[in-house]
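1. below are the sequence and a predicted model; questions follow.
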Amino acid sequence: MTLFSICWHNMLASVRGEMQYRASFIMSLIFGFLFQTVGFIFVAVILTRFEAVGGWGLWEVGVLYGIRLTAHGLWVVSVNQLFRFDQIVQEGEWDRFLIRPVPIWAQLMFTQFRIPPLGDLISGLFLLGIALPRVSIDWNAGLVVFLALAIIGGALIDGAFQLGSAAFAFRFLMTLPLRIVFDDLQGRFGSYPASIYDRPLRAFMTWIVPMAFMAWVPATVLLGRTAELPFPEWVAWASPMVGFALISGAVWLFVSQSRHYQSAGH
Amino acid sequence: MMRLSGINPGLRDIFRMGVREIYAYRIWLYLGVFQALLQLVLLRAVWQAVYGNQDSVDGVPIETMITYLTIVGLLEHITRIDIANEIHERIDQGRVAVDMVRPVGFVRQIVSLSLGQSAGTCMSIVVVIPGMILFGSLSPPSSGALLAFLLSLIMAYVVSMLIWLLVGLSGFWLINVSGMRAVIWVVGGFLAGSLIPVWFMPGPLRTVVEVLPFQATAFLPASIYVEESQGADMWRALGIQLFWIVALWAASAWTWRRAQSRIVVQGG
């Protein structure tokens, strides 16, 4: 069998498995959706009472929020084994990853299909779907490609921090709190125009944990708001590259840390 | 020192176990502190941006708003109760069978453990309160309001405990409550007023908030602290909390009676 067909069969089998518990499957989707949209409902409620947050209207924040959530959803749906990575290392399951004749990245991505992350992706796309038509964007082919790349780049930014944190599991066995910290930073702070934060916080979000490049920077490009960025416009157009650069670093860290793996045996 | 001598020694030990558990897995306590402070920093930034150049909206000055957010954050941190997960794990692993044959009631064991965990968590306020004063504000109210707030705080804790107990007990039917738990955590938090005070909510949403118990866990005590509810309003807030304690108590007692005949022991 080719790699592709192995992965495909694996995924189909696990979807079939999940579908055995249909009520639980649907509940997971609904819960995932609710969980992710509360943050936007917060913005929506605020903006029905007040006109703008830092000069951004409701649907402009909606676009930003949608980009962030879709990017996040894309990552958690794709690399779905990472969420239980501590367990994989602790219980020696990594042994199996090493001996299977399939590349490790493919195993991390296609071993199992998990339902809850799908809620993140669906709610992100849903939000983009309702917000994009409600803002004035001068669409052209370049902008469409930019949006797609920005979402992929955003997914890679999110992923770089998740993968980079998981890398430490090989030595320290427990990395979940660290991953929650990054997930929190991304989920809480990444959803608003970073222009509302005061200078140190904005600098932190832009240069240290660059969540700003996940949604704020791409959204300013789409909405013609690049004037409020602390750097020139071409940097904003190059923002999808940040994700690709970070993920390379994270992969390097992951591979180099994996040499410290000590099997717990089976 | 707390007088625990009159209490069943078994429950007392379970309580101590709860305290120790928090310190055995300190990292989660640190994480909770970090998250609470992070949330405050974010909410403060968002609300300041929303206020913009206005000093006051609907008669609520920005300072009051920041104090409100700080108090709500503090309340969320100390009323964070993981009782539903505790029950879930016991049902999931079949340990509930062993728990049930112990000489003290199952619900009492769980509640004692939870109280212990809260007592452990409460120690972290020595870091959380200075942190919150740094990022937010806790400008103290009049002594009358402070007294009412302390009473309200205790009731908020009890309401929170009862809500999570009910969620946990529903696990006897649903088996897996993790999804529901996550949703109640965020949706309930929102409806408790932890992001937006109820006075800024639009009419229909306010109605939803008023018929649900969540506001009793954060909004009501916080509005007493910032003296947005005074006099008759304050008494009404305390009354609503008391109502929810009685109602949820009755509901959980009823649920527990029915749950006992629903127990499915999955090995263990």
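-> Good, I have the coordinates.

2. surely residue A:49 touches residue B:203?
-> No: at 11.3 Å, residue A:49 does not count as touching residue B:203 under the criterion of C-beta atoms under 8 Å. For glycine as for every other residue, the C-beta is placed from the backbone atoms N, C-alpha and C.

3. which one of these two has more residues nearby?
-> The neighbour comparison of residue A:49 against residue B:203 (other C-beta atoms under 10 Å in any protein chain shown) goes to residue A:49, with 13 against 6.

4. show me the contacts for that one.
-> Contact analysis of residue A:49 by C-beta atoms under 8 Å, 6 or more residues apart in numbering or on different chains lists B:200, B:202.

5. so where's the chain shaky on pLDDT?
-> Unless you meant another one, I'm taking chain A. A:1, A:266 (pLDDT under 70).

6. correction: the question concerned chain B.
-> Applying pLDDT under 70 to chain B picks out residues B:1-6, B:264-268.

7. what secondary structure does the residue nearest to residue A:219 when sequence neighbours are not counted sit in?
-> Computed as C-beta to C-beta, 6 or more residues apart in numbering or on different chains, the closest residue to residue A:219 that is not its neighbour in sequence is residue A:64, at 4.0 Å. At residue A:64 the chain is in helix, as set by DSSP: H, G, I helix; E, B strand; the rest coil.

8. touching, residue A:64 and residue A:54? I think so.
-> No: using C-beta under 8 Å, residue A:64 is not in contact with residue A:54, being 10.8 Å away.

9. compare these two (neighbour count), which wins?
-> Each of residue A:64 and residue A:54 has its neighbours counted (other C-beta under 10 Å); residue A:64 has more, 29 against 18.

10. circling back to that earlier point, got the contact list for the residue nearest to residue A:219?
-> Contacts of residue A:64 were listed using C-beta under 8 Å, 6+ apart, and they are A:56, A:191-193, A:215-216, A:219.

11. sitting in helices, which of those do you find?
-> Among the contacts of residue A:64, the ones falling in helices (DSSP state H) are A:216, A:219.

12. go through the contacts of residue A:64 and say which is closest to chain B.
-> Taking C-beta to the nearest C-beta as the measure, chain B lies nearest residue A:192 of those, at 6.2 Å.

13. hmm, residue B:176 is touching residue B:88, no?
-> Yes: with contact defined as C-beta under 8 Å, residue B:176 counts as touching residue B:88 (7.4 Å).

14. neighbour count: these two, which is higher?
-> The neighbour count for residue B:176 versus residue B:88, taken as other C-beta under 10 Å, is higher for residue B:88 (22 against 15).

15. name the residues of the helix or strand where the more buried one lies that come out as buried.
-> Element membership for residue B:88 (DSSP states H and E) is helix B:83-92. Under the neighbour-count criterion of 16 or more other C-beta atoms under 10 Å in any protein chain shown, helix B:83-92 has B:83-88, B:90-92 buried.

16. enumerate the residues of chain A near chain B.
-> Within chain A, the positions lying close to chain B (C-beta under 8 Å from any C-beta of the partner chain) are A:24, A:27-28, A:31-32, A:34-35, A:38, A:41-42, A:45-46, A:48-50, A:52-54, A:116, A:174, A:177, A:180-181, A:184-185, A:188-189, A:192, A:196-198, A:201.

17. list buried residues within those.
-> For the residues of chain A next to chain B, a burial check counting by 16+ other C-beta under 10 Å picks out A:24, A:27-28, A:31-32, A:34-35, A:38, A:41-42, A:45-46, A:50, A:52-54, A:116, A:177, A:180-181, A:184-185, A:188-189, A:192, A:196-197.

18. which of these fall in helices?
-> Judged by DSSP H, helices contain the following of those: A:24, A:27-28, A:31-32, A:34-35, A:38, A:41-42, A:45-46, A:116, A:177, A:180-181, A:184.

19. next up, the contacts around the most centrally placed residue in chain B.
-> With distances taken as C-alpha atoms, centre = their mean, chain B has residue B:79 as the residue nearest its mean C-alpha position (3.1 Å). Shown in contact with residue B:79 (C-beta under 8 Å, 6+ apart): B:118, B:156-157, B:160-161, B:217-218.

20. could you redo the last one with a cut-off of 7 Å?
-> Going by C-beta atoms under 7 Å, 6 or more residues apart in numbering or on different chains, residue B:79 touches B:156-157, B:160, B:217.

21. how about it, nearest residue that isn't a chain neighbour?
-> Closest residue in space to residue B:79, ignoring its immediate chain neighbours: residue B:160 at 4.1 Å, by C-beta to C-beta, 6+ apart.

22. thinking that neighbour is in contact with residue B:217, fair?
-> Yes: using C-beta atoms under 7 Å, residue B:160 is in contact with residue B:217, at 4.6 Å.

23. give me the more crowded residue out of the two.
-> A direct count of neighbours by other C-beta under 10 Å for residue B:160 and residue B:217 places residue B:217 higher, at 31 against 26.

24. so that one sits right up against residue B:158, yeah?
-> No: between residue B:217 and residue B:158 there is no contact under C-beta under 7 Å: 9.5 Å.

25. can you give me the offset of the helix ranked longest in chain B from its chain's centre?
-> When chain B is parsed with DSSP H, its longest helix is helix B:231-260. Put simply, helix B:231-260 sits 14 Å off its chain's centre (C-alpha atoms, centre = their mean, to the nearest Å).

26. now do the buried residues in it.
-> With burial defined by 16+ other C-beta under 10 Å, the residues of helix B:231-260 counted as buried are B:234, B:237-238, B:240-241, B:244-245, B:248, B:251-252, B:255-256, B:259.

27. now the one residue in the stretch 101-250 of chain B that gets nearest to chain A: how far from residue B:28?
-> Using C-beta to the nearest C-beta, the single residue of the stretch 101-250 of chain B nearest to chain A is residue B:179, 4.0 Å away. Look at residue B:179 and residue B:28: by C-beta to C-beta, to the nearest Å, they are 21 Å apart.

28. what sits against residue B:242?
-> By C-beta under 7 Å, 6+ apart, the residues touching residue B:242 are residue B:155.

29. assign residue B:139 to helix, strand or coil.
-> Taking three-state DSSP, the label given to residue B:139 is coil.

30. that one - how many residues pack around it?
-> 13.

31. what sits against it?
-> Neighbouring residues of residue B:139 by C-beta under 7 Å, 6+ apart: residue B:67.

32. residue A:265 too?
-> Residues in contact with residue A:265, defined by C-beta under 7 Å, 6+ apart, are residue A:92.

33. secondary structure class for it?
-> Here residue A:265 is recorded as coil under three-state DSSP.

34. ditto for residue B:215
-> Put simply, residue B:215 is helix when judged by three-state DSSP.

35. against residue B:184, how distant is it?
-> Distance from residue B:215 to residue B:184, by C-beta to C-beta: 14 Å.

36. and if you look at residue B:34?
-> From residue B:34 across to residue B:184, the span is 22 Å (C-beta to C-beta).

37. ditto for residue A:142
-> For residue A:142, the distance to residue B:184 - C-beta to C-beta - is 44 Å.

38. more crowded one of those two?
-> residue B:184 (20 against 9).

39. in the host helix or strand of that one, what's buried?
-> According to DSSP H and E, residue B:184 maps onto helix B:178-191. For helix B:178-191, a neighbour-count test (16+ other C-beta under 10 Å) marks B:178-181, B:183-191 as buried.
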